[in-house]
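[1] Sequence isn't available, so here's the structure alone:
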């Protein structure tokens, strides 16, 4: 067993802020990734997808608009306590709906790394 304490925040390739995580890099995980993330007030991720894994998101605080689809045509709002399932290869964007408070969430994936690919052709 290994305990991961809240760690220093770091930027991610998709434009959100990461914190502590359980992963191959931090604990030698073989088939799971779980991390705490934050979208700053008024922030928005870059369009991206996760190539070879399923993801589940649990909202801790704040409200986020999630857009997905080939043209980001579908959308849903997440609030604290909501769970979201994201299948592999689903292009999506996260947007914090508050200009004053961060939106925080936990993500779990069935892969041991951060597996995120930016999609530059979607706006």
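    That came through, no problem. Predicted model, so just to flag it, every value in this text is computed and none were measured.
[2] contacts, neighbours, all on C-alpha from now
    Will do.
[3] What's the first helix or strand after the lowest-mean-pLDDT helix or strand in the chain?
    Of the helices and strands making up the chain, the lowest-confidence element is strand 10-11, at a mean of 70, by mean pLDDT, DSSP states H and E. Downstream of strand 10-11, the next assigned helix or strand under DSSP states H and E is strand 17-22.
[4] Check which helices and strands that next one sits against.
    strand 10-11, strand 33-39 (3 or more CA pairs under 8 Å, 6 or more residues apart in numbering; DSSP states H and E).
[5] Could you dump those into JSON lines and include mean neighbour count and distance to residue 108?
    Shown next, in JSON lines, are the helices and strands packed on strand 17-22 (neighbours: other CA atoms under 10 Å; distance: least, CA to CA, whole Å):
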{"stretch": "strand 10-11", "mean neighbour count": "12", "distance to residue 108": "18"}
{"stretch": "strand 33-39", "mean neighbour count": "22", "distance to residue 108": "4"}
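[6] Could you tell me the least trusted of those?
    Here the lowest mean pLDDT among those goes to strand 10-11, at a mean of 70.
[7] where does the chain dip in pLDDT?
    Applying pLDDT under 70 to the chain flags the ranges 10, 13, 122-123.
[8] same thing but at 90, please
    5-20, 25, 46, 50-52, 70, 113-123 (pLDDT under 90).
[9] show me where it has strands.
    Assigned by DSSP state E, the strands in the chain fall at 10-11, 17-22, 33-39, 48-49, 55-61, 64-68, 74-78, 83-86, 92-96, 103-109, 117-118.
[10] Can you say which of those strands is nearest to residue 1?
    Distance to residue 1, taken as CA to CA, is lowest for strand 17-22 among those, at 11.3 Å.
[11] in its sheet, what does the closest one sit against?
    strand 10-11 (antiparallel), strand 33-39 (antiparallel) (DSSP bridges).
[12] Could you take the ones you listed and lay them out as CSV, with extra columns for distance to residue 92?
    Converted to CSV, the strands paired with strand 17-22 look like this (distance: least, CA to CA, whole Å):
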stretch, distance to residue 92
strand 10-11, 18
strand 33-39, 14
